[in-house]
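A.B. asks: got a sequence here, can you model it:
(one chain, ligands or ions: 1)
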Amino acid sequence: MLIAANWKMNCLKADAILLASHIKSGFSGKNTLVLCPSFPLLAVVSGVLAGSGIKLGGQNCHFEEKGAFTGEVSPEMLKDIGVDYVIIGHSERRAGNNETDELVRKKAVAAIKAGLKPIICIGELGEERKNGKTQNIILGQIEKSLPEGSGYVIAYEPVWAIGTGLTPTSEEIAEVTGLIKQKKPQIEVLYGGSVTDSNCMEISKISNVSGFLVGGASLDIGKFSKIMNV
Ligand code: 13P
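C.D. replies: The predicted model follows:
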């Protein structure tokens, strides 16, 4: 399985060092594990993880290689400091930074070109699920935000499940991940949204789920020890 920890905008240096060291010492090596701290913490966490086989991921990147883009980070810069993965199109960026499907695709293409593996997030809003629009939304995102070919991972993250403690049923997850696999059979699909130590085992058994993108529970070593070794 591929287990990715999205630390979002959390942790100061000392917290990150402590958390990464606990993760390093508790990791069984059974899964592919990717830690995605905020940009300023990447080098610090990289130092802690040295020799562990645990990978690093960014939480975003720009689509250009370099230039006059104040405040942005290019995929090449991430690759250059030893990062292998990058989360693209997280719903928090789609909502808070006006990231469109087209922009998400552009970023993903640039990340692949730079040698990174993008984890591209798609998922429906609560309102869309209530109105029976989940399939259409997912199909639209598949068509517009994913690049041609392979070299990336998809994270199915229902927006209403993020940070809420709510999760779809296993049948609902199987339905959406099945739809994604129908369209993109060669691509690994992760599930994200309120993954915890108590539901990770059940979700890991869904046939089209190849891993997790974990938010809140990845900051809690007690919970994350179980998830990362699932
Ligand atoms: P939570 O695990 O906190 O619900 O967050 C999920 C997420 O957004 C991971 O990218």
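A.B. asks: for the residue in the chain that the ligand sits nearest to, give its distance to Cys61.
C.D. replies: Closest approach between the chain and the ligand, counting by Cβ to the nearest ligand atom: Gly215, at 2.2 Å. For the C-beta atoms, the positions are set from N, CA and C on the backbone; glycine is no exception. From Gly215 over to Cys61 the distance is 19 Å, taken as Cβ to Cβ, to the nearest Å.
A.B. asks: could you tell me how many residues sit around the residue of the chain closest to the ligand?
C.D. replies: Around Gly215 there are 21 other residues, counting by other Cβ atoms under 10 Å.
A.B. asks: let me see the confidence value for it.
C.D. replies: We note a pLDDT of 98 for Gly215 in this prediction.
A.B. asks: I figured Ser74 was touching Leu116, is that so?
C.D. replies: No. The pair formed by Ser74 and Leu116 falls short of the contact definition of Cβ atoms under 8 Å, at 10.4 Å.
A.B. asks: any common contacting residues for these two?
C.D. replies: Counting by Cβ atoms under 8 Å, 6 or more residues apart in numbering, the common neighbours of Ser74 and Leu116 are Cys61.
A.B. asks: the more surrounded of the two?
C.D. replies: Taking neighbours as other Cβ under 10 Å, Ser74 and Leu116 compare with Leu116 leading, 24 against 19.
A.B. asks: list the residues that contact the more buried one.
C.D. replies: Counting by Cβ under 8 Å, 6+ apart, the residues that Leu116 touches are 58, 61, 75, 78-79, 83-86.
A.B. asks: up against the ligand, what does the chain have?
C.D. replies: Taking Cβ under 6 Å from any ligand atom as the contact definition, the chain meets the ligand at 6, 90, 157, 162-163, 192-195, 213-217.
A.B. asks: pull the most distant pair out of those.
C.D. replies: In the residues of the chain next to the ligand, two members sit farther apart than any others by Cβ to Cβ. They are His90 and Ala217, at 16.2 Å.
A.B. asks: neighbour-wise, which of those two wins?
C.D. replies: Taking His90 and Ala217 together and counting by other Cβ under 10 Å, His90 has the greater number of neighbours (28 against 21).
A.B. asks: thought that one was touching Asn60?
C.D. replies: Yes. His90 lies in contact with Asn60 (Cβ under 8 Å); the separation is 7.5 Å.
A.B. asks: thinking again about what came up before, gap between the residue of the chain closest to the ligand and Gly165?
C.D. replies: Gly215 sits 11 Å away from Gly165 when distances are taken as Cβ to Cβ.
A.B. asks: phi, psi of Thr70?
C.D. replies: In this entry, Thr70 is assigned phi and psi values of phi -50, psi 130 (degrees, to the nearest 10).
A.B. asks: so how far is Pro147 from it?
C.D. replies: Following Cβ to Cβ, the distance that separates Thr70 from Pro147 is 26 Å.
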